[in-house]
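sharing a model that was predicted from the sequence below.
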Amino acid sequence: MSKTEAYWLFGSISAILILLYFIIGIEFWRLSETTDINIGDTYFVISNTYLVSIIGVPILFAIYAIRAVVQKFKKRFNNLILIIANCALIYILTRTLSHVGLILKTQSSAEYPPPSGGTSLIEGNSWNDVYWGLLITQILLLITLVITAFLTGRINTTRIKVHY
């Protein structure tokens, strides 16, 4: 790793921390605390740990994806950071997909118990679109991960031949 790569990594993480400070405030340092987000008449209470990862990982992924494309995937360290950020983003999307899937399969609120006796699929709302959008994004991230890993493996390194 060269000095330039270390500066880029340090600068990227510093920019993410400064952005989190402006979005959440000084409370984001206390990872055991929670943040309340008011959307309409609903309050979402999210742990600061999850909020930091939901905001920080996509930004780190975007920075290193742009760098990798500009450098044509020739820098092994950049590709490694991109692969790590990609895996973290896939993990976050997997957890988010499970939550959205649970929201889609809630019991009907019109009657209790529902006539079918089980769960009913909520039709005609935006959660279905969110679910499919996240699923397609996750598939694209998996394709990006495979391509990045393949191109990283093809980077030629100079090897010193040792003669005994």
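Structure's in. What do you need? Just so it is clear, the model here is predicted, and its values are computed rather than measured.

mind checking the SS state of the residue nearest to the spatial centre of the chain?
Relative to the mean C-alpha position of the chain, the nearest C-alpha, by CA atoms, centre = their mean, is the one of Leu89, at 2.6 Å. Following DSSP: H, G, I helix; E, B strand; the rest coil, we place Leu89 in the helix state.

just use 284 as the starting number from now, easier for me
Sounds good: first residue 284 from here, last item Leu372.

could you measure from it over to Asn331?
19 Å (CB to CB, to the nearest Å). In short, each C-beta sits where N, CA and C put it, glycine included.

and what of Ile342?
For Ile342, the distance to Asn331 equals 16 Å [CB to CB].

what do you get for Asn369?
Taking CB to CB, one finds Asn369 at 23 Å from Asn331.

more neighbours: these two, which one.
The residue with more neighbours, out of Asn369 and Asn331, is Asn369; 22 against 18, by other CB atoms under 10 Å.

that older thread, who's in contact with the residue nearest to the centre of the chain?
340-341, 344, 424 (CB atoms under 8 Å, 6 or more residues apart in numbering).

and of those residues, the nearest to Ile306?
Pro341 (13.1 Å; CB to CB).

contact partners for the closest one?
So Pro341 contacts Leu372 (CB under 8 Å, 6+ apart).

quick one: the strands in this structure, in order.
317-322, 325-330 (DSSP state E).

out of those strands, the one nearest Ser285 is which?
strand 325-330 (36.3 Å).

the closest one pairs with which strands?
With DSSP bridges as the test, strand 325-330 is paired with strand 317-322 (antiparallel).

can you give me the buried ones in the partner strand?
Across strand 317-322, burial judged by 16 or more other CB atoms under 10 Å covers Thr318.

got a list of contacts for it?
307, 310-311, 326-331, 334.

make JSON lines from those and add pLDDT to it.
Shown next, in JSON lines, are the contacts of strand 317-322 (pLDDT from 0 to 100):
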{"residue": "Ile307", "pLDDT": "76"}
{"residue": "Glu310", "pLDDT": "72"}
{"residue": "Phe311", "pLDDT": "69"}
{"residue": "Tyr326", "pLDDT": "80"}
{"residue": "Phe327", "pLDDT": "78"}
{"residue": "Val328", "pLDDT": "84"}
{"residue": "Ile329", "pLDDT": "82"}
{"residue": "Ser330", "pLDDT": "82"}
{"residue": "Asn331", "pLDDT": "80"}
{"residue": "Leu334", "pLDDT": "82"}
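
no further questions, thank you.
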